[in-house]
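**Student:** Need a 3D model of the following:
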Amino acid sequence: MNTHRKPAWKRRSDAVTGRNAGPVPDRAVAPAADPAVGPGAAPVSGPVAEPGAGPAAEPVPDRDPEPAPDAGPVPAAPGADRRPPVSGGPASVPRPRPVAPAGDDADERLARVALTRLVEPGDEIAGRWLRTHGAVALLRWITGDAPPPTPATEARLARYRRRLGGPDARQDLAAAAAAGARFVCPGDAEWPRQLDDLAAARPLGLWVRGRVDLRLWALQSVAVVGARACTEYGAHVAGTLAAGLAHAGWVVVSGSAYGIDAAAHRGALAATGATVAVLACGVDRVYPPGHTELLGRVAEQGLIVAELAPGDHPTRSRFLLRNRVMAALTRGTVVVEAERRSGSLVTARWAQRLGRATIGVPGPVTSGLSAGVHELLRGEAELVTEAAEVVELVGRIGADLAPARRGPVVPRDLLPAATARVLEAVPGRGTARPEQIAREAGTERDEALGRLHELQSLGFVARDGTGWRLARPATEHPIR
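**Tutor:** Okay, the predicted model is just below:
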C-alpha cells in the first residue's frame with residue numbers, strides 16, 4: 001500500500017493552480033502550434049524565423065540575472081522584434097492547432113494563469129521576480145508555500161495575498177474555453193515576441209478570443225486610438241483610416257472604447273479587414289456594455305485580447321496600463337483627436353519609448369479635442385492625412401511609399417517659360433500690339449510675335465486686326 005503524501009507546500013500550491021481539479025479542454029491549456037511547423041510537429045520553444053526574414057533571432061530568456069528585487073525598472077530594448085510581414089496578408093492565416101505542454105512547462109503555464117488573477121498588469125516588481133525566479137516560484141512565495149528570497153519582499157507579497165481565494169487556474173482556463181478563448185504566454189509559438197520589449201512590464205500572458213494566430217497578425221498591425229467624446233470629423237477620419245489600412249492588408253488594433261476606437265473597429269470591419277480589440281477587463285466580459293454587437297463582430301472577424309483573468313472588471317488604472325500592450329504589439333500608433341490629458345496620449349508615449357512610429361492626424365486649431373495631437377506633432381510624431389501615409393511610416397522602407405500628391409495640371413503648366421511670359425503680357429481685356437506685348441514680357445518684338453503665333457495655334461490667344469487678345473474672356477481662360 002502506497003502511503004506517500006504530498007508535502008504541505010505542494011498541497012497549498014495545488015489549491016491555487018487547480019492541479020487536482022481534473023483535466024482541462026486542450027484548447028484552453030495548450031499553446032498554439034506555429035503554422036510554419038505544420039500539424040503534428042513538436043512544439044517550438046524558441047523564436048521562429050518568419051518567411052524571408054533570415055535566421056531566427058536569439059530567444060528572449062524568461063529568466064535572466066538582475067539586481068535586488070526592489071531595484072529600478074529594466075529598460076526596454078527598442079525595436080527588438082522587427083520582422084517583415086508575412087506574405088498573403090493577415091486574413092490568410094489559419095487557426096493554429098494546439099499542442100499540449102508537458103512537465104515543467106505545464107506547471108509554469110498554470111502558475112502564470114493563476115498570477116493573472118493575483119498580480120495587476122504592468123507590475124514591474126513582480127515582472128522582475130518572474131524573469132529571475134519563474135512563475136512557479138513567485139506563486140509559491142505568494143501562497144506561503146516557499147519563503148521569499150529576502151524579508152523586504154514580504155510587504156509586497158502581502159498585497160498579492162489579499163486576492164487569494166478566488167477561482168483557481170484551471171477554473172479560469174475552463175471559463176475561457178467556454179467563452180471561446182485561450183491562454184497564450186511567453187514561450188508559446190503564438191506569443192508575439194515584440195511584447196518582450198516591455199521587459200519587466202511584459203504581460204504575464206494574454207487571454208485571446210478568436211480563430212486566428214495573434215503573433216502572425218501582430219507582425220503587420222497598427223494601433224488607431226483617440227478621444228471617446230470625438231467629433232464627427234474625428235469619427236470619419238478614424239473610420240476612413242482604418243478602412244484604408246485594412247484594404248492595404250494591415251491589422252487595425254484599438255481598445256473598443258466609444259468614439260475613435262469604435263470608429264476604427266467599424267472601419268476595418270466594413271472593409272472586411274482584420275481588427276484586434278485589446279480590453280482592460282476579462283476577455284469574456286463586454287465593455288463598454290453598449291458594444292455587445294461590435295465586440296461580437298470583432299470576435300468573429302478578428303481577435304479580442306486581454307491581460308486580466310476571465311470575469312475581471314475594468315478600472316481607470318487598467319485602461320492606462322492596457323495602452324502599453326497596444327503600443328508594444330503594433331508597429332506604430334496613430335492618434336486621431338485627443339485632448340492634452342487624453343489616455344490615448346499614453347499609448348503614443350509608450351510607442352515613442354519602445355521605438356515604434358508615433359503618428360498624429362491634425363484637426364482644427366480651435367478644437368480642444370485636437371490639442372493633444374498637435375502637441376505630439378510639435379514633438380517627434382509624424383503628421384498623416386490618409387492610410388497610404390501611415391503605411392509609408394510603418395511599412396517596408398523604400399517599398400511602401402505613399403504616392404506623390406500635387407494639384408491638377410492645367411495647360412499653362414506645360415508651356416515653356418519664355419512662352420508663358422508672353423502669354424502673361426497679353427492683357428485680360430482688349431487687345432495689344434506686338435510691341436507692347438514684347439515690352440511687357442521683356443523680350444524682342446520678333447521673338448514675342450513668334451511666341452504669339454505658337455499660343456494662337458494652342459488656342460490661348462487670337463489675332464484681332466493689328467493687335468492680339470486672349471482667346472477667351474479672362475474669367476474663363478485656363479491660366480487665370
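**Student:** What ranges does this structure have for its strands?
**Tutor:** With DSSP state E as the criterion, the chain has strands at 181-184, 206-209, 221-226, 251-254, 275-279, 303-306, 332-336, 357-361, 382-383, 461-464, 467-470.
**Student:** which stretches of the stretch 101-250 of the chain have low pLDDT?
**Tutor:** Across the stretch 101-250 of the chain, the ranges flagged by pLDDT under 70 are 101-104.
**Student:** could the strands of the chain go into JSON lines alongside distance to Arg405?
**Tutor:** Heads up, the C-betas are built off the backbone N, CA and C, glycines and all. Shown next, in JSON lines, are these (distance: least, C-beta to C-beta, whole Å):
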{"stretch": "strand 181-184", "distance to Arg405": "41"}
{"stretch": "strand 206-209", "distance to Arg405": "39"}
{"stretch": "strand 221-226", "distance to Arg405": "21"}
{"stretch": "strand 251-254", "distance to Arg405": "23"}
{"stretch": "strand 275-279", "distance to Arg405": "27"}
{"stretch": "strand 303-306", "distance to Arg405": "34"}
{"stretch": "strand 332-336", "distance to Arg405": "19"}
{"stretch": "strand 357-361", "distance to Arg405": "16"}
{"stretch": "strand 382-383", "distance to Arg405": "13"}
{"stretch": "strand 461-464", "distance to Arg405": "32"}
{"stretch": "strand 467-470", "distance to Arg405": "31"}
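**Student:** can you redo the ones you listed as TSV with mean neighbour count?
**Tutor:** Compiled in TSV, those are given as follows (neighbours: other C-beta atoms under 10 Å):
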stretch	mean neighbour count
strand 181-184	26
strand 206-209	24
strand 221-226	31
strand 251-254	30
strand 275-279	28
strand 303-306	27
strand 332-336	30
strand 357-361	25
strand 382-383	15
strand 461-464	16
strand 467-470	20
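**Student:** Please identify which of these is closest to Gly398.
**Tutor:** Among the strands of the chain, the nearest to Gly398 by C-beta to C-beta is strand 357-361 (15.6 Å).
**Student:** what's the angle between that closest one and strand 221-226?
**Tutor:** 40 degrees (axes from the mean of the first three to the mean of the last three C-alpha atoms, to 10 degrees).
**Student:** Show me what strand 357-361 is packed against.
**Tutor:** The contact analysis (3 or more C-beta pairs under 8 Å, 6 or more residues apart in numbering; DSSP states H and E) places strand 357-361 against strand 332-336, helix 344-353, helix 371-378, strand 382-383, helix 387-394.
**Student:** In TSV, list those along with distance to Ala417 and mean pLDDT.
**Tutor:** Formatted as TSV, those follow (distance: least, C-beta to C-beta, whole Å; pLDDT from 0 to 100):
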stretch	distance to Ala417	mean pLDDT
strand 332-336	42	97
helix 344-353	46	95
helix 371-378	37	95
strand 382-383	33	96
helix 387-394	33	95
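**Student:** which one of these is the most hemmed in?
**Tutor:** Among the helices and strands packed on strand 357-361, the stretch with the highest mean neighbour count (mean count of other C-beta atoms under 10 Å) is strand 332-336, at a mean of 30.
**Student:** His236 - how many residues pack around it?
**Tutor:** 14 (other C-beta atoms under 10 Å).
**Student:** That one: what's its closest spatial neighbour, skipping adjacent residues?
**Tutor:** Once flanking residues are discounted, His236 sits nearest to Ala263: 7.8 Å by C-beta to C-beta, 6 or more residues apart in numbering.
**Student:** As a check, name the ranges of all helices in the stretch 101-250 of the chain.
**Tutor:** In the stretch 101-250 of the chain, the segments counted as helices under DSSP state H, counting those that start in this stretch are 104-118, 124-133, 135-143, 154-161, 169-178, 214-218, 232-247.
**Student:** Show the pLDDT at the residue nearest to His236.
**Tutor:** Note for Ala263: predicted pLDDT of 97.
**Student:** same question, Ala41
**Tutor:** Each residue has a pLDDT score; the one for Ala41 is 37.
**Student:** repeat for Leu401
**Tutor:** pLDDT, Leu401: 88.
**Student:** likewise the one 3 residues further on?
**Tutor:** At Ala404, the model reports a pLDDT of 82.
**Student:** and the nearest residue to Trp207 once chain neighbours are set aside, what does it touch?
**Tutor:** The shortest distance from Trp207 to any non-neighbouring residue, by C-beta to C-beta, 6+ apart, is to Val283 (3.9 Å). Neighbouring residues of Val283 by C-beta atoms under 8 Å, 6 or more residues apart in numbering: Ala176, Ala179, Ala181, Trp207, Val208, Arg209, Ile304, Val305, Ala306, Leu308, Pro310.
**Student:** give me the beta-bridge partners of the closest residue in space to Trp191 that isn't next to it in sequence?
**Tutor:** The shortest distance from Trp191 to any non-neighbouring residue, by C-beta to C-beta, 6+ apart, is to Val184 (5.6 Å). Counting by DSSP bridges, Val184 forms beta bridges with Leu206.
**Student:** Could you pull up phi and psi at Ser367?
**Tutor:** For Ser367, the backbone dihedrals are phi -100, psi 120 (criterion: degrees, to the nearest 10).
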